[in-house]
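> Structural data only, the sequence is not supplied:
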């Protein structure tokens, strides 16, 4: 996607330097910083401390992480046990992220199938690059399938703006291109459909107000930042036509783990008869589980992410403490939206209802584990 | 209530100086500032800019505002039209606040019934002081009636902590003593019932993390600050036993206007079979309307309240900008929770269900306007 006229992705392989590079998203929208990932620990830190975030991008970073690990391994590069252990460390960086396990395992398997160290490095890089291109293609297709949903609403409204609410950032910054939740929005916009996006700020880390608003603004899409509290009121008053969110892990029965607060928006959408779609590549499905509330572990993160808010203060990035310094905080990072609240999934293979039958009809090749 | 061992209220008449004083709540919990209100414009600014906030306190401030207006009026003090116009200005300071209209009108009527200027001033002060004492008494009674709800849950849990979620600040800072939503909590705590409070931070102005957490901490009540997004997840996992919130205006049929985001918590409570109570003095009921979504005007406030977050940065209070500087924001301050989602009301006359019949059985004297 374009930033100030320049094509950019959130992760890439720099052929000149032979390194993997990422946008350090922690300082957006106020500072644009690029980081090299040259060790396994760099990759783990980038995932854990959220230089990179968003299901598909975490998957791509995990995939590149195996390559980085192999480059760093040198004489241990042929030691299967070493590689498997390092890959386990990569997968432990974020417990809720389906794509991370998927990306790491896929590249690890490819590398392990090669005998020589040089072949392993080469195969890992190629496989990681393929993961990235596949994710970009998946997002493009999600955009195309989602377009028809947006277009139908636009036609019903006689071309008046389609108001779409989204939570967190499931944009290109979270993916490779287009995004997942934003793919139908960008595709509709590029097809001259009038869209306006309500951007949930998405506490505690404000990925909505910091990242989604920045992305949409750079692409020229009309948007308005709102608090996470506001969506229900807007829906009650006919100011939301459609909700589209991403997901970090979705069960084969359609339960959706996504950024904390998604469940509340799904309840409000249901209460106000507003379609609630989840956009995802198939790599985000966990084919092995059905009950999301029971079986998806929810990451608890540092309470200081709630207590301190980061922003720009006269040109400098500062953190301010909001609650009393001795008040504890709890930081559950995700919640699970039961399938009964989801209108449908927008995937790279098309749109389906949030039932195990419909999902498995679209993905009949995904019986149990994909690995 | 006590702050560092000293009895304090959020508004009081200082007999020594003959002035009305308030805590400027904008800088809590990091700075404790007291302001004099000596002109009508001071009072309007204190209400509009939220030095004071919370339905009962806004009502008390409006009541004192009539007294302040009369003191300032001097030779215009016997001019009925002048007083009525100034009172209208006071009532316009916040459009959603039922108690403001009620407090101002009550003291204005008392003042207008007196012939001489001196009598008007005296009557206004006495009436305002009476409003304040009545509100304190109401909150005490709300605490007593709410206690039985908390005690019942505590007994069912064999004394294990009762987890109560609250949104915004409906504590003593919003009232005079005890608070409304917090009155059952403080009363339970003072009766040695083990309680733990989940404090919604309450974006955009963070009255939960700034004020409720501060109040509870000062009183020694266990609490944990959470994002507004978290409540649904906690409810899904059995970590919330009870929700209690306040309200800025409630219709005779039981629709509840309260801080934006309340509706989302009510939906989650319903979905998880968790009791959802609204605590209020009768002055917060609007006896003239039934349909809250259609008939309660929702205040839209400055978008910069969303864009900038205030907090402590190394001992100084700073504001940081979170979204891109050119991204617009919309700041709807309240939402309406339909009566169907409310388990019951805790009032100074007892607990009732959220139906017009039950409410009017408790308040048979409140047929139509209270004025």
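Yep, it's here. All values reported here derive from a predicted model rather than from experimental measurement.
> show me what contacts the residue in the stretch 1-150 of chain A that chain B sits nearest to?
Closest contact between the stretch 1-150 of chain A and chain B, by C-beta to the nearest C-beta, is at residue A:29 (4.2 Å). Bear in mind the C-beta positions are built from the backbone N, C-alpha and C, glycine included. The neighbours of residue A:29, taking C-beta atoms under 8 Å, 6 or more residues apart in numbering or on different chains as the test, are A:210-211, A:213-214, B:323-324.
> Any idea how many residues pack against residue A:238?
By other C-beta atoms under 10 Å in any protein chain shown, 10 other residues sit near residue A:238.
> Over to the one 5 residues further on?
Residue neighbour count, defined by other C-beta under 10 Å, stands at 27 for residue A:243.
> what does the stretch 251-371 of chain A put close to chain B?
By the rule C-beta under 8 Å from any C-beta of the partner chain, the part of the stretch 251-371 of chain A lying against chain B is A:259-261, A:263-265, A:267-268, A:271, A:293, A:298, A:303, A:306-313, A:318-332, A:334-336.
> from the contacts of residue A:29, which is closest to residue A:40?
Distances from residue A:40 to those, taken as C-beta to C-beta, are shortest for residue A:211 (25.9 Å).
> buried ones in stretch A:26-45?
Neighbour-count burial for stretch A:26-45, counted by 16 or more other C-beta atoms under 10 Å in any protein chain shown, picks out A:26, A:28-30, A:35, A:37-38, A:40, A:42-44.
> Please flag which of those residues sit within strands.
Secondary structure from DSSP state E places A:35, A:37 of those in strands.
> Could you dump the buried residues of stretch A:26-45 into CSV with distance to residue A:129 added?
Formatted as CSV, the buried residues of stretch A:26-45 follow (distance: C-beta to C-beta, whole Å):
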residue, distance to residue A:129
A:26, 25
A:28, 25
A:29, 28
A:30, 31
A:35, 19
A:37, 15
A:38, 17
A:40, 19
A:42, 19
A:43, 16
A:44, 21
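> Out of the buried residues of stretch A:26-45, name the ones that lie in helices.
A:40, A:42-44 (DSSP state H).
> Can you list the buried residues in the helix or strand encompassing residue A:140?
Remark: residue A:140 resides in helix A:117-156, with elements defined by DSSP states H and E. Under the neighbour-count criterion of 16+ other C-beta under 10 Å, helix A:117-156 has A:117, A:120-121, A:123-125, A:127-129, A:131-132, A:134-136, A:138-147, A:149-151, A:153-154 buried.
> Likewise for stretch A:76-86?
A:77, A:83, A:86.
> that's a helix at the second one, yeah?
Yes. Residue state for residue A:83 (DSSP: H, G, I helix; E, B strand; the rest coil) corresponds to a helix.
> what does the model give it for pLDDT?
On pLDDT, residue A:83 comes in at 96.
> Looks like residue A:173 contacts residue A:23 (just checking).
Yes. At 7.2 Å, residue A:173 and residue A:23 qualify as touching, with contact defined as C-beta atoms under 8 Å.
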